[in-house]
Each structure stands twice: as C-alpha cells, then as structure tokens.
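Engineer: Fold the following and give me the result.
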Amino acid sequence: MPQREIILINSNRMRPPVAPLALDYIGDRLRATGCDVRLVDLAFDDEAALERVLADVEPLAIGVTFRNTDDCYAGSGAFFVPALAELVGKIKSRTKVPVVLGGCGYSVFPVSILAACGADFGIVGDGEETFGLLVRGLADRDEVRELPGLVHRVEDRIVVNPPAYRAMLDVRPQRSLIDNARYFREGGQGNFETKRGCPSKCVYCADPVAKGRNVRSRPAGQVADEVESLLRQGVDVLHVCDGEFNIPPAHAIAVCEEFVRRGLGERARWYCYATVHPFPPELATRMRRAGCVGINFGVDSGCDRMLAALQRGYKRDAIRQAVRCCREAGLAVMLDLLIGAPGEDEASVRESIEFIRSVDPDRAGAATGVRVYPGTALADWVRRQGPMTSNPNLRGALTDNDDFLRPVFYLDARLGPEPADLVCDIIAGDERFFPPPRRQNATNYNYNDNRVLEEAIARGARGAYWDILRRLAGKTRRA
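Structural biologist: Sure thing, here's the model as predicted:
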C-alpha cells in the first residue's frame, strides 16, 4: 500500500467538456513520487462517485481544480464559484482531511475563493511542485506554510505566498490520469502546453495574474513526447493551451521543428492562440508543416487608437501581415475582437469591423464587454473612477463586489444603452462574424453549454470550437 493516498477532483462541468490538463500533469507527478492517486471527474461523474471514493479511501489530501470563475461572456452572467463552494462544503461534511484548491480560475482570486469556499489551502500559479511538497509535508507532519505559491490561513487572515517560478517548465508528458480518449470523443479536441507565463501588458488580461509574467518554456522534446502519448490514446486533434504560442518565436519554431523531425505534422492536427506580433513570416509555414491547421489571434481591435489604449504593442498593419502569412501557408484564421474597453465609441467599432472585413479572416468574433479582473490595469482604472454602482461604463455585479469576483464587464457608455445591437447592426449579417447576442442569455459562440457544438462533436466533428462552428455554418449555407 503506498504511503500517501490523494484524491484529485475536476470541478469543471462546462459542456462541451475540456480536459483538465493540470490534473493530468499533477497526477503524473504525484504517482512518480509513490502516491496512490484517485480521480473524481465531475465532467462525467456524479457526486455519488465522490461519496463512494471518500467512503473507500481516507486520503492525505484532496485537490480540487477550478478552471473558470465564470464563462467570461457578458450575455450570460454564468458564475461558477457558488457550485465550487457547495462542492467543498459537501467534501468537508464527509471528511476532515485538507482540501486544496488550484487552477487558473482559482489563481486569479486566491483569497476571495478560499474565503468563499472554506477550503484549507490553495495554490497559485504552477501547482505540480508545490502540491507535491505539500503532500510530503502533510505526510511527514512538517511545516508547510512557507511553501511557494501556497495560500493558507494565519489566525483570521488568509496569506498568499509568492510563487517561485523556475526558469524552465518541466512537466511529465505521460498524460495517464484522466480519460483523454473520452474527452476527445465528447469534447472534440485534446490539449497540451508548450509554456506558461506571458510578458504582454494588455490592460485587461488575467493570464499574467494567474500564470506570471515570466515565460517558462518546456523542452521541445518533452512537448513532442506528450503529443505522442496523446496519439497513442487516440487523440489526434489538439489545441495548444499557451496564452500565445509564438511568445517567444524562437521556442515556437523549436517545437515545430521537433514535430516535423518526428513526423507529428502528418499524424496530428492542432490549433493555437497566437499574437500577430511578433509573428515572423516563416513561422506560419513552419507551423503548418508541424501539423497546425488554425490560429486564433486575439487582436481585440482593428483601430490603432484602441490598440494603443489596450496596450497591445502593435498596430493594425501587423494584423493584416499575420493573416497574409497564414493564408499563404494554408492556415485557417480566427480574429477575436474585444469591444467596449475604455475609449471605445461607435467610430472605433465601425473602424474595427470594416478593417476586419478588409482583412477577410475565415472567422471573426465580436465579443462585447471586457471582463474586469483584479491585478490588471483595467481594474485599477475602474477603481479610480469611483463607486461601481455609479459608473455608467460597468455591467454586471456592481454591489458588494470590490474584488470583482462576481462577473463585472466594462462597456464604454459612449456605445449607448444597447451596445450589442450597435455591433450587430454594423456587422449587418456578415457571415464571417460571430456577432454578440442581441438579447440576454443568448449563447451564440459562447462555448459554455453550447448544444450546437455538443451535437456536432457527437456526430464526429473535431477541432477548435470556432472552426467547428465555421464549418457547420458553411454546410448550412451549402444546404
């Protein structure tokens, strides 16, 4: 019998289901140290499965990953923290072992979520090493409160230890804990990482808050090993989980070269997120040879004034150039706009949408409303504007929400009372665009509980969700 038994729980019940990458990485790391790891995956299991595991095992600790606080979609208002709090409450009513929270969603709000859920510990940032050290400390009854990235209680306070990020990311590539084949069948894609961290200064983005600003790259050979492991499990369409695959470009090129060397470009198709700058012309060709078939560029705007306000670090000519490179390489392109940031008005929206038309991507998104996250320049801007309840630029949970935990969206008041209607009118039915919903609670290209996506995947569709929806729209028009 192994000395340490651990239960890991995936709390993410969004549909289509997305494989909990962090649990696969952490589970492999724990197993390598001699732990007996039991998985409860609430994407597929009901809570009775959790009760059966708790009745069968007295673990040393229970780790719960929390990927999303909400669906980041102003039209829906979906908020997932109450369900997490209910889950933690049920766990703690059945056992006294420590409950440890982690994941991207948790790392953005570590104090607020720990307080709301009543968990014992949390981990911010990279969890593989810290969780392993925590498990060992609990087993040996050693002091654990100084561990990097650990969130813990000291009397009536919650303390967040700064993460200690290594220069290089070292993650075991086996991917043996979760049922990746089932996620592929029901979720339509597999996933992997090549790096973590982002040095960009976008005013709204929580990725540097959750994962740090220093880029930690994985060895290209390790990334290729992971893709080969997924291929052995029958997963041959993948999405890279990096914030931006091409930061830095040299590492992206190294990964592509390793994929080509091993012939992975002929065995797997993959998609990624990327930035239009830096995007050297040869990168698109290398990516295509390595198996990439589509890129989602979160360009945010097609107006130079708004790109500067968002601190994107490039002008719209870089967007045109990146799309041209992808077209020449045979890559599908999605351009995502983020409409409503401070300074947005009707003129900038019209300029953006007309520019995107001229660039002619395969698809373009027009999300309306910018989610406000703590630790970002946008959050600081909102606080300087005074009470949220009297701020005409804000939508969402504006009372008793100073930490922005419940969804708050910035929509510049210059767009009028119905900004989604304005955006839809400007798009004017252009089928290249995923427009925002004109009415509250419409789904459109919100991927949370998207029945159209689920049904397409059940019929065999595979790929990035924007590309599946694009192909479905094409079939509808041809019909």
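
Engineer: When you work out contacts or count neighbours from here on, use the C-alpha atoms and nothing else.
Structural biologist: OK.

Engineer: could you point out where this protein is predicted with low confidence?
Structural biologist: In the predicted model, the chain carries pLDDT under 70 at residues 1-3, 439-445, 475-479.

Engineer: from the middle of its chain, how far away would the helix or strand that contains G365 be?
Structural biologist: In the assignment (DSSP states H and E), G365 maps to strand 363-368. Distance of strand 363-368 from the chain centroid (CA atoms, centre = their mean, to the nearest Å) equals 17 Å.

Engineer: Backbone dihedrals for I9, please?
Structural biologist: With angles defined as degrees, to the nearest 10, I9 sits at phi -120, psi 130.

Engineer: what about it, neighbour count?
Structural biologist: I9 has 21 neighbours, counted by other CA atoms under 10 Å.

Engineer: Paired strands for the strand holding G365, with orientation please.
Structural biologist: strand 332-339 (parallel), strand 433-434 (parallel) (DSSP bridges).

Engineer: so how far is the following helix or strand past that strand off the chain centroid?
Structural biologist: Using DSSP H and E, the helix or strand that follows strand 363-368 in sequence is strand 370-371. Strand 370-371 sits 15 Å away from the centroid of its parent chain (CA atoms, centre = their mean).

Engineer: now Q222, nearest residue through space, not along the chain?
Structural biologist: P173 (6.5 Å; CA to CA, 6 or more residues apart in numbering).

Engineer: Pull up the gap between that neighbour and Y273, please.
Structural biologist: 21 Å (CA to CA, to the nearest Å).

Engineer: and what of G127?
Structural biologist: Applying CA to CA to G127 and Y273 gives a distance of 23 Å.

Engineer: Next: S358.
Structural biologist: Note on S358: its distance to Y273, by CA to CA, is 22 Å.

Engineer: hang on, the earlier thing: please identify which of P173 and Y273 sits among more neighbours.
Structural biologist: For P173 versus Y273, the count of surrounding residues by other CA under 10 Å is larger for P173: 21 against 18.

Engineer: what helix or strand is that one on?
Structural biologist: Applying DSSP H and E, one finds P173 in no helix or strand.

Engineer: residues touching it, list them.
Structural biologist: Each residue near P173 by CA atoms under 8 Å, 6 or more residues apart in numbering is listed here: Y25, Q222, V223, D225, E226, S229.

Engineer: which phi and psi does it have?
Structural biologist: Dihedral angles for P173 - degrees, to the nearest 10 - are phi -100, psi 10.

Engineer: that older thread, as PDB, could you dump the C-alpha coordinates of the strand holding G365?
Structural biologist: Output in PDB follows, covering the C-alpha atoms of strand 363-368 (Å, rounded to 0.1, in the frame of the first residue of the first chain):
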ATOM      1  CA  ARG A 363     -14.000  33.800 -38.900                       C
ATOM      2  CA  ALA A 364     -14.100  36.800 -36.600                       C
ATOM      3  CA  GLY A 365     -15.600  37.200 -33.100                       C
ATOM      4  CA  ALA A 366     -17.100  40.400 -31.800                       C
ATOM      5  CA  ALA A 367     -17.300  39.900 -28.100                       C
ATOM      6  CA  THR A 368     -19.000  42.900 -26.500                       C
END
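
Engineer: Give me the contacts around that strand.
Structural biologist: Against strand 363-368 from outside (CA under 8 Å, 6+ apart): 73-74, 333-340, 356, 411, 419-420, 423, 432-436, 466, 470.

Engineer: just stretch 78-86 next, same as before
Structural biologist: Residues from elsewhere that reach stretch 78-86 (CA under 8 Å, 6+ apart): S11, F66, N68, T69, D70, D71, I113, A116, C117, G118, R406, P407.

Engineer: Among those, name the ones in helices.
Structural biologist: I113, A116, C117 (DSSP state H).

Engineer: still on that earlier bit, please dump the contacts of P173 into CSV; it should also carry neighbour count, distance to T389 and secondary structure for every row.
Structural biologist: Converted to CSV, the contacts of P173 look like this (neighbours: other CA atoms under 10 Å; distance: CA to CA, whole Å; DSSP: H, G, I helix; E, B strand; the rest coil):
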residue, neighbour count, distance to T389, secondary structure
Y25, 21, 42, helix
Q222, 18, 49, helix
V223, 23, 47, helix
D225, 17, 51, helix
E226, 20, 48, helix
S229, 16, 51, helix
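
Engineer: Could you single out the nearest of these to C104?
Structural biologist: Y25 (14.0 Å; CA to CA).

Engineer: Can you tell me how far that closest one is from G190?
Structural biologist: 14 Å.

Engineer: and if you look at R218?
Structural biologist: In terms of CA to CA, R218 sits 18 Å off from G190.

Engineer: In stretch 195-204, which residues are buried?
Structural biologist: K195, R196, G197, C198, S200, C202, V203, Y204 (16 or more other CA atoms under 10 Å).

Engineer: which one of the residues you listed sits closest to Q311?
Structural biologist: C202 (5.2 Å).

Engineer: Confirm for me that the closest one is in contact with A309.
Structural biologist: No: look at C202 against A309 with CA atoms under 8 Å: they stay out of range, at 9.1 Å.

Engineer: Tell me which residues touch V237, please.
Structural biologist: By CA under 8 Å, 6+ apart, the neighbours of V237 are G188, Q189, G190, A268, R269, W270, R462, G463.

Engineer: Now the two most distant members of these.
Structural biologist: G188 and A268 (13.5 Å).

Engineer: more neighbours, the two?
Structural biologist: Neighbour totals were compared for G188 and A268, and G188 leads with 28 against 20 (other CA under 10 Å).

Engineer: Spatially nearest residue to that one, not counting backbone neighbours?
Structural biologist: Closest residue in space to G188, ignoring its immediate chain neighbours: R462 at 4.6 Å, by CA to CA, 6+ apart.

Engineer: repeat for G190
Structural biologist: Counting by CA to CA, 6+ apart, the residue nearest G190 is L238, at 4.4 Å.

Engineer: cool, V382 as well?
Structural biologist: V382's closest residue in space is M388 (CA to CA, 6+ apart), at 7.6 Å.
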